[in-house]
Every structure is written in C-alpha cells, then in structure tokens.
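Engineer: the sequence and its predicted three-dimensional model are supplied below.
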Amino acid sequence: MAWNKEVAARDYLPIEERQQLQLKRLQHTVQRVYNAVPFYRQAMDAGQIQPSQIQNLADLHKLPFTTRYDLIEHYPLGLLSVPREQLIRIHASSGTRGKAKIVGYTRHDIDIWGEVCARSLVCAGLQPGDILHNAYGYGLFTGGLGLHYGGEYLGATVVPMSSGSTQRQVTFLHDMQATALCCTPSYALTIAETLVALGMTAQDLHLKCGIFGAEPWTNEMRRQVEDKLGLRALDIYGLSEIIGPGVAMECAQGHQSDQANRGLHIFEDHFLPEIVDPATDEPLPHGTEGELVFTTITKEGMPLLRYRTGDLCTLIPNHAPVGAP
C-alpha cells in the first residue's frame with residue numbers, strides 16, 4: 001500500500017460531486033447486501049423496500065437499521081456479503097457485554113482501512129518520514145493494526161510497541177525520537193507519570209502530536225496530556241463494526257481554533273453518516289444532537305446499513321477546513 005493524494009482529495013470534492021459519488025456507492029452497496037445477505041433481504045422485503053427505490057441520498061432513511069444485537073444474533077459471520085474464503089482478516093469487539101461482535105475484512109477492506117487511517121494521520125499533521133510510536137493494543141482489537149497500516153500507508157516509520165511495559169515505552173519514545181504517539185488518552189497519562197518517575201520531562205521527548213481514542217475523554221484530560229507530554233492531543237473516532245479507527249478524525253488546524261470550532265471530520269466517501277432521534281428513530285436535521293448512524297458504502301466483507309452506534313453527537317456540514325493532504 002502507498003499513500004495516494006488523489007484518492008484522499010475526495011475529502012475536498014465540491015458537495016455536488018461528493019454526493020454523486022456517495023449515491024453511486026450507496027446504490028451499489030444496497031444491491032450487494034440485498035443479493036448476498038439474507039438478513040438484509042428479509043428486512044428490506046418486510047419493509048417493502050427494493051434496491052431500485054434508492055434514487056437519492058434522502059432515500060437512506062427507507063433502509064432498515066442494523067444494531068449490535070443483529071451482529072450478535074448472527075454470530076459469528078452471518079452478515080458476510082462475500083464467501084468466507086475471501087476474508088483475509090478477522091477482528092472482534094471485546095465482548096464485555098456478551099458475545100463479541102465479529103468483523104471480517106477482505107483485502108479491499110484492509111486497503112480502505114489503511115487509506116482512512118493514513119488520512120487521519122495527515123489530519124494530525126504527520127508526513128512521510130515522521131516516527132509513529134503506536135501503543136494501541138494489537139490483536140483482535142482494531143486500534144493497533146489500524147494505525148499501524150495507516151502509518152505505513154503514509155510512509156511514516158512505525159514503532160509497533162502495543163500496550164504495556166510503560167518504562168520501555170518511555171525508553172523507545174526517547175531513543176527513537178518519536179514525533180507522534182498513538183494510544184488511549186488514559187494510557188498517555190500513564191506514560192506521562194512514568195516519564196516523571198524516570199526523572200525526565202516532556203522536553204526530553206520529540207513528540208509533536210498524539211492520536212488518542214478508543215475511550216471517552218474530557219477536555220480536562222486533553223489539557224493534562226498536552227501539558228505533561230508537550231504535544232497537541234487529537235481525537236480519533238472509529239468502531240470495529242464500521243472499520244476500526246479512521247472513521248473520523250480531529251485535525252491539527254481545528255485544534256488550533258477556539259473550542260466552539262473543534263470537531264472531527266468524517267471520511268464521507270466511505271462512511272455515510274446520519275443523526276436520528278434515539279427515541280423515535282426519525283432522522284434529525286444537521287445541527288441537532290442525536291444518535292450517530294453509519295452506512296458503509298465501500299466495504300466488501302461485511303457492509304452495514306444504518307448501523308446504530310449508540311453515540312450521541314451533532315453533524316455540522318462544512319464545519320471547518322482541513323489542511324490539504
């Protein structure tokens with residue numbers, strides 16, 4: 001894989017062109033899952049919906065929702081839209097509330113994942129040649145491998161530390177002169193505490209930015225991480241069911257603005273977002289807080305229609321500019 005600026009430039013398409021691309025991909029995805037996934041065929045038939053009825057993006061609300069319970073009910077691979085033999089990777093949620101949610105990836109899906117994670121790193125201000133210290137966990141959890149591929153896709157030098165062994169983390173951050181740190185925000189604070197315990201300060205490191213996610217964190221925690229590690233702390237958003245990290249990313253330019261203008265940029269050529277009222281299931285207009293729902297429009301292995309994330313947020317179109325890739 002290699003970083004492709006022309007592909008990433010889809011983030012900057014005029015809105016009419018972007019919507020044409022989204023509609024084309026949405027129509028293709030709906031037809032694919034209707035043909036290949038019995039769950040979706042039955043749900044669409046029950047709602048008297050045919051793929052041909054999706055004529056514009058506003059028709060998205062006609063499609064059935066997908067929930068975490070649907071993934072669990074069809075555990076492990078009942079929502080695949082390709083033969084199992086076409087999968088090259090399996091990831092899974094932690095399963096802390098019951099059975100894990102299993103996600104299958106084709107080679108195409110892995111390429112998309114690397115692309116959107118590379119875009120996320122570009123949003124953070126990274127360039128080819130930066131040294132990316134990746135302290136997210138590797139394995140079934142999507143965090144480690146997602147940012148790993150994104151770094152390699154971009155052309156950064158990736159240090160695949162995974163989590164734990166914090167004193168060794170500090171040693172490598174210092175000795176390798178890492179310019180970016182990827183981990184959970186709470187683990188970033190643990191690294192900062194270990195740094196002090198070893199008699200070091202942020203000035204002994206070369207960090208410019210941190211890409212933090214996989215758990216909720218507050219603005220106060222952001223300030224603590226920035227002060228203790230001497231970097232700009234940026235939020236990355238994702239969930240395994242959609243692809244993993246790289247669904248949305250806070251950018252360095254937005255980070256420098258006032259708090260009111262901060263937000264995350266969704267890579268809408270791959271993930272089609274909407275906001276719905278969690279009580280009535282009705283779509284809500286931009287600027288209204290509600291439940292975030294995603295439809296994947298480029299995934300092969302396990303595309304999802306209107307997946308309910310359970311996360312509350314607000315969608316604001318063209319909210320802020322992003323530094324060009």
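Structural biologist: Perfect, I can see it now. Nothing here was measured: the structure is a model prediction, and the numbers come from that model. Numbering: from 1, shown residues only.
Engineer: please name the residues that touch L284.
Structural biologist: Applying C-beta atoms under 8 Å, 6 or more residues apart in numbering, we find L284 in contact with I275, V276, D277, G290. To be clear about C-beta, it is placed using only N, CA and C from the backbone, and glycine gets the same treatment.
Engineer: kindly apply the preceding question to Q203 instead.
Structural biologist: G230.
Engineer: ok so Q253 is a helix residue?
Structural biologist: Yes. The assignment for Q253 by DSSP: H, G, I helix; E, B strand; the rest coil puts it in a helix.
Engineer: return the per-residue confidence for it.
Structural biologist: On the pLDDT scale, Q253 is placed at 77.
Engineer: quick check: ChimeraX command selecting the buried ones in the contacts of L284.
Structural biologist: Selection of the buried residues among the contacts of L284 in ChimeraX, burial being defined by 16 or more other C-beta atoms under 10 Å:
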select :275,276,290
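Engineer: quick one: which of the contacts of L284 sit in helices?
Structural biologist: Under the assignment DSSP state H, the contacts of L284 contribute nothing to helices.
Engineer: okay if I get the contacts of L284 as a markdown table plus pLDDT and distance to A197?
Structural biologist: Formatted as a markdown table, the contacts of L284 follow (pLDDT from 0 to 100; distance: C-beta to C-beta, whole Å):
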| residue | pLDDT | distance to A197 |
| --- | --- | --- |
| I275 | 97 | 44 |
| V276 | 97 | 47 |
| D277 | 97 | 48 |
| G290 | 98 | 44 |
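Engineer: isn't R308 up against E291?
Structural biologist: Yes. With contact defined as C-beta atoms under 8 Å, R308 and E291 form a contacting pair (6.2 Å).
Engineer: between those two, what contacts are shared?
Structural biologist: V276.
Engineer: thinking again about what came up before, and the furthest pair within the contacts of L284?
Structural biologist: I275 and D277 (8.3 Å; C-beta to C-beta).
Engineer: wait, A43 sits on P64?
Structural biologist: Yes. If you go by C-beta under 8 Å, A43 and P64 touch, sitting 4.0 Å apart.
Engineer: which one's more surrounded, these two?
Structural biologist: When A43 and P64 are compared for neighbours, A43 comes out ahead with 19 against 16, by other C-beta atoms under 10 Å.
Engineer: show me the contact partners of the particular helix or strand that has the more buried one in it.
Structural biologist: According to DSSP states H and E, A43 maps onto helix 38-46. Residues outside helix 38-46 that contact it (C-beta under 8 Å, 6+ apart): V33, Y34, N35, Q50, P51, L63, P64, D70, H74, G78, L79, L305.
Engineer: overlap in contacts, I275 and D277.
Structural biologist: Residues touching both I275 and D277 by C-beta under 8 Å, 6+ apart: P283, L284, G290, E291.
Engineer: flag the shaky bits of the stretch 1-150 of the chain, pLDDT-wise.
Structural biologist: Counting by pLDDT under 70, the stretch 1-150 of the chain contains low-confidence residues at 1-12, 96-97.
Engineer: so where do the helices sit in it?
Structural biologist: Ranges of helices within the stretch 1-150 of the chain are 5-8, 15-36, 38-46, 68-73, 107-123, 142-154, based on DSSP state H, counting those that start in this stretch.
Engineer: dump the residue contacts of A180.
Structural biologist: A180 sits next to 121, 124, 126, 130-133, 156, 207-211 when contact means C-beta under 8 Å, 6+ apart.
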